[in-house]
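Student: give me a 3D structure for the following:
(chains A and B)
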Amino acid sequence: MKLISRKEELVLLSIWKLRDNAYGVTITDQLAKTTGRYWSIGAVYDVLDRLTRKALVAASASDPLPERGGKSKRLYRITKDGHQALEEIREIHDTMWSDLPESALEFENP
Amino acid sequence: MERCMDKPPRLAMWFLNIAVKSHDRHCAAGDFTEIYRRTVRDKNVFSAQCWLWFEILRSLPGFVRCTVYWSSVMFKNYLTVAFRNMHKHKGYTFINITGLAIGMACCLLISLWVLDELSYDRFHSGVDGIHRVLAEGSSGATPNLLGPALEAQVPEILHATRVEGYGSALFSSDGCEAYESGIIAVDTSFFEVFSFPATRGDLATALLNLNSVVISEKIAEKYFPGMDPIGRVLSLNRRHDLMVTAVIENVPHNSSIQFDMLVPIELVTIKFRDQGMDLDYMSWQWWSARTYVRTANSCSSELLSAKIGDFLIKLQDDDSKLTAIPLTQQRFHFSNIQTYIYSFLVIAFFILSMACINFVNLSTARSANRAKETGIRKAAGAVRGNLIAQFLGESLIQSLLGFLVALGLLELILPIFNNVAGMNLSLDGITNSYVLPLVIGLSILTGLAAGAYPALLLSSFHPVSVLADKSRTGSRGSRLRKALVVVQFVLSGILIIGTVTVYSQLGYILNKDIGYDKEHIVKVGMRGESANLYTSLKAQLEQDARVLSVTRSAASLPYWRWTTSAADWDGRDPNEENQVAANMVDFDFVETLGIEMVEGRSFSREFLADTATGYVINEEMAKLMGIHSTALGARLEMWGNPGEVIGVMRNFHFRPLDTLIQPLVLVYTKVPAAAMAIRIPAGDVSSSLEHIEETWKRMVPDYPFTYSFLDEDFDSRYRSVVNFGNLAGGFSALGILLACLGLFGLASFTAEQRTREIGIRKVLGASVAGVVKLLSKEFLILVMVSNVIAWPVAWYVMKRWLENFAYHVDIGIGVFLLAGITTLVIALLTVSYQAIRAARANPVDSLRCE
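Tutor: Numbering: from 1, shown residues only, chains lettered A, B, ... in the order given. The predicted structure follows:
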């Protein structure tokens, strides 16, 4: 299976973290908070769309809420495949970091 | 207020709605609303709006890219399907595309023509400020002193110029000598009124000198090839040396004033004097010049008319009211071009609608074949909008193909059309800035108009019913098809009745008794010296039996323009303005032209007084003078010369045949004329001509011999009218052809639909005749209904059209019967071909397939 991208990884992690309250707004907020950058909600939708197609997340609709102008939320949660994909990418990260020789780190500051 | 601020702007939400996929739409809108409200609460409305619009803006490029990609994929599919369909039904496609092509070619042709007509005189700068002044009771001519008087006395008029035809004259330079006829005599202010650009010389001073001439490039090239013509001498009638002071560009074909050379108007007086005529050309009594004026652009013709209306009444105690018309209107004022244009626009519209109707009929009839496709597309997720776009797109493809074919057709037709109609149209006109969008717009409009109904009908099918039960769809819209067939045949009927009426009216005009004998009359141009030799020429010519008689007149038939208000008689109402046509003739005029005398005599050598105080009038004039018993001896005064009527002629036509015959006075004069008329015996025309030419060469060796036949001159005057008839006939035939083409397609479709029914009928014992009757009956009833509708409409329209003519035919019942029978026979032939084919088919074949 293809590895997920960094964006997808971040979005997946946010959803995981948010548990039962993961939808467009909260995910964007979460991302902005942790990364310290501005996230366009459109960009988040795009990633969510891809994740849904890959079946790494599953969506369901909440009840309509008055503060949303009578619209419902589209709530996301991670599927089994989603967890697996996250584990996988984490393993790769760890391996890559742990394998680095001491000398390579010294070149960091020229 | 609070609630209002809470809501995100509607426009932004609308964008969101189209950008986001349908199943996400609801939640996405919710997300946006939530963040928007939060921002409003935490910060303010402004930053919330900024955020919202920023979000929309940055997602726009991606959205557009995505949309374009997917729609192009679908577009490719639509194209494939469209071409596959056209390929599969070659016959129908052929009918559709040819029909549309013919319709569009006609429309294009006619719009090219109309645009050409509308472009007349528009090239003058500030054309809105150019007007032509007309005087009541005269057909175009105004008093010869009017122009300068208007310029001097009416403050609104900045410049005025007279324009007078100079007739034809002999011009010679060192290398070339020839007769020129495109000469007009004008005032110096001509170039202030009109803008004919000069290529050499200064127009402001060009005509100040009496002996100057302005020539066109064409003439410059002819007389001074490869030289600078400025300052060179052109000799006029070998008598006057004129100096070329300026060269102008050749006059464009869309100028209503056509000329090759311009001379100062004073030369007209000199011309008359040269010819020994003692005429006061520059007077209020002589009406022959046309008057054009320039005003400020803001001064409309209505305003000007009001200003100058009683100018003549005040100045000259003349009752003629003056009016002004815009220069751009003058063509329409003096001819019925406008009627032609309207007629052709109507015909073009008819033809195009017939082509559209064919398209609609065939498309809806064949909707059964497309119904399944529609069903599957719908089942696969197409919404109605997609399908409408698809079918409209298909008809657009066909109409654009038709447009291309139309361009090709036009390329073929144009030379023929130009030839027949004597016009100067070219496809280059299409590349003209506003024509191209117009024609492309026209073809798109045609495509949309033709495709709209089929698109709406096909896209409305319910997928389940279409896929499950195919039998019903074919009959959909059949009532509309019937109505449209009726419309087509109503139009055809009107076209037939219209064409026949136009033809019979034209025939009536052309074959009308004109009142004189135009056969066997030779007109010989008289210029310069030859004019003074007339008497001896006449004597020499008449010596031989090959010439019967010779005469001359100041204006020559078939068309006299001159009118005068300087006529007075006993019992004339002094308050009334009477414009009377006048002409100056020599002895034997009435006899040579074969005009019948009602009473009295024409000018006779035996009565000396005839030449001084005798006037010959026509019946109209006698009526105008209020004479009931005998006109002979009645007092009549022309230009202040008292005299008496010596003879009354039967009315004859000396003006266009479709106008009323005017009162006419013939005056005896010895003045030289532009042409002499020679009657020759019927039979050996060439030996008569030989005699005339031989005599001419002997007597006037210096001047070239030119001649024409009166009947040919006459016919050429009416060529455009005949052309109009032929063109109308041709276009009508095209229209009827299109209607038949459509009917043919529809009939073959019906036959195809009912193949099985016919098979069963035949098995059960139906005869071929019975089946043919069954198939044809429906269409024939439609055609009959159409005729009943067409008749009153055509009757009314043609009655109005005929009212344009002073003399016209009446519409008889025969025309209607003819139209009815023609449409019926044509429809029957068209339908029966298919019907007989279907009826003769072996039922085994048609029933086997199931």
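Student: residues contacting the strand or helix carrying residue B:185, please?
Tutor: Following DSSP states H and E, one finds residue B:185 within strand B:183-186. Residues from elsewhere that reach strand B:183-186 (Cβ atoms under 8 Å, 6 or more residues apart in numbering or on different chains): B:161-169, B:207, B:257, B:259-268. Quick note: C-beta positions are derived from backbone N, CA and C, even for glycine.
Student: quick check: buried residues in that strand?
Tutor: B:183, B:184, B:185, B:186 (16 or more other Cβ atoms under 10 Å in any protein chain shown).
Student: that one: what's the following helix or strand?
Tutor: Toward the C-terminus, strand B:183-186 is succeeded by helix B:190-193 as the next helix or strand (DSSP H and E).
Student: now do the helix or strand following that following helix, average pLDDT.
Tutor: Next along the chain after helix B:190-193, taking DSSP H and E as the criterion, comes strand B:198-201. Averaging pLDDT along strand B:198-201 gives 86.
Student: likewise for stretch B:84-99?
Tutor: For stretch B:84-99, mean pLDDT rounds to 81.
Student: quick check: residue B:834 vs residue B:294, distance?
Tutor: In this view, residue B:834 and residue B:294 are 66 Å apart by Cβ to Cβ, to the nearest Å.
Student: export the buried residues of strand B:183-186 as TSV, with columns for distance to residue B:755.
Tutor: Shown next, in TSV, are the buried residues of strand B:183-186 (distance: Cβ to Cβ, whole Å):
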residue	distance to residue B:755
B:183	74
B:184	73
B:185	78
B:186	76
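Student: on that earlier part again, give me the buried entries from the contacts of strand B:183-186.
Tutor: B:161-166, B:168-169, B:207, B:257, B:259-265, B:267-268.
Student: so what pLDDT did the residue in the stretch 151-300 of chain B that chain A sits nearest to get?
Tutor: Closest contact between the stretch 151-300 of chain B and chain A, by Cβ to the nearest Cβ, is at residue B:297 (56.8 Å). Listed pLDDT for residue B:297 reads 84.
Student: next: residue A:106.
Tutor: 61.
Student: nearest residue to residue B:844 other than its sequence neighbours?
Tutor: residue B:759 (8.0 Å; Cβ to Cβ, 6 or more residues apart in numbering or on different chains).
Student: got the residue ranges for the helices in chain A?
Tutor: A:6-18, A:24-35, A:41-53, A:80-98, A:102-106 (DSSP state H).
Student: quick one, the first one and helix A:41-53 angle?
Tutor: Right, helix A:6-18. Orientation check (axes from the mean of the first three to the mean of the last three Cα atoms, to 10 degrees): helix A:6-18 against helix A:41-53 gives 80 degrees.
Student: identify all contacting residues around helix A:6-18.
Tutor: A:4, A:22, A:26-27, A:30-31, A:34-35, A:43-44, A:47-48, A:50-51, A:56-57, A:76-78, A:82, A:85-86, A:89.
Student: whichever of those residues end up buried, select them in ChimeraX.
Tutor: Provided next is the ChimeraX selection string for whichever of these are buried by 16+ other Cβ under 10 Å:
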select /A:4,22,26,27,30,31,43,44,47,48,50,51,56,57,76,78,82,85,86,89
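Student: now for whatever residue of chain A ends up closest to chain B, how many residues are close by?
Tutor: Distances between chain A and chain B by Cβ to the nearest Cβ are smallest at residue A:71, namely 2.9 Å. Per other Cβ atoms under 10 Å in any protein chain shown, the neighbour tally for residue A:71 reads 22.
Student: find the nearest non-adjacent residue to it, please.
Tutor: Closest residue in space to residue A:71, ignoring its immediate chain neighbours: residue B:30 at 2.9 Å, by Cβ to Cβ, 6+ apart.
Student: give the contact list for that neighbour.
Tutor: By Cβ under 8 Å, 6+ apart, the contact set of residue B:30 is A:64, A:65, A:68, A:69, A:71, A:72, A:73, A:74.
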